[in-house]
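Undergrad: sequence plus the predicted model coming up.
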Amino acid sequence: MADDQYVSKKTVAASYRPRSSLMSPGLQRARAPFRFRNAITGLILAGFGVGVWAYSISAEARALMRAGPTIAKVVATQTLSSVPVEVKVATVPSRHRGVLVPILERHFPRLLDPSRKTLIWGAPPVDKIGRLRDSV
């Protein structure tokens, strides 16, 4: 008797998806209020992904442009003379990139690593990728 007041699961499934991939008019009406919000959310997520990709490509291009002349100098000195020559490259102090470091430095000065101004104390620089034991 208690089962008489409920509709079976097969009937409900058939009412929303009468055929395998098509939506019924009832399902289309139920999803209509969320269509615009879902589209905006999808565009925001896709834009974020494209932004991260574009930033990483441009950062890699900048790193290659910075390292290019240094690599060319080392190769030129090694090929011109048979005597090993030590090439010293001037290190430029790194500027704080981004927005977060100056804000954190102003409001929470003891939060950042004092030597590298990073959130993780003792972390190796991101520009120098290597093994952890290389930095020790």
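TA: Now that the structure is in, tell me what you want to look at. Everything numeric in this text was worked out from a predicted model, so none of it was measured.
Undergrad: and after the helix or strand hosting residue 46, which helix or strand comes next?
TA: Using DSSP states H and E, residue 46 sits in helix 35-80. Helices and strands here follow DSSP H and E; after helix 35-80, the next one along the chain is helix 100-107.
Undergrad: residues contacting that next one, please?
TA: Counting contacts by CB atoms under 8 Å, 6 or more residues apart in numbering, the residues outside helix 100-107 that touch it are 96, 111-112, 117, 119. Quick note: C-beta positions are derived from backbone N, CA and C, even for glycine.
Undergrad: for residue 109, what are phi and psi?
TA: Here the main-chain torsion angles of residue 109 (degrees, to the nearest 10) amount to phi -70, psi -20.
Undergrad: how about it, what does it touch?
TA: If you count contacts by CB under 8 Å, 6+ apart, residue 109 has none.
Undergrad: if we can go back for a sec, show the buried residues in the contacts of helix 100-107.
TA: Burial of the contacts of helix 100-107 was assessed by neighbour count (16 or more other CB atoms under 10 Å); the buried members are residue 112.
Undergrad: quick one: which two of the contacts of helix 100-107 are the most distant?
TA: Using CB to CB, the pair of these lying farthest apart is 96 and 111, separated by 13.6 Å.
Undergrad: got a pLDDT number for residue 1?
TA: Looking at residue 1, its pLDDT is 49.
Undergrad: for residue 33, same thing?
TA: Residue 33 is assigned a predicted lDDT (pLDDT) of 92.
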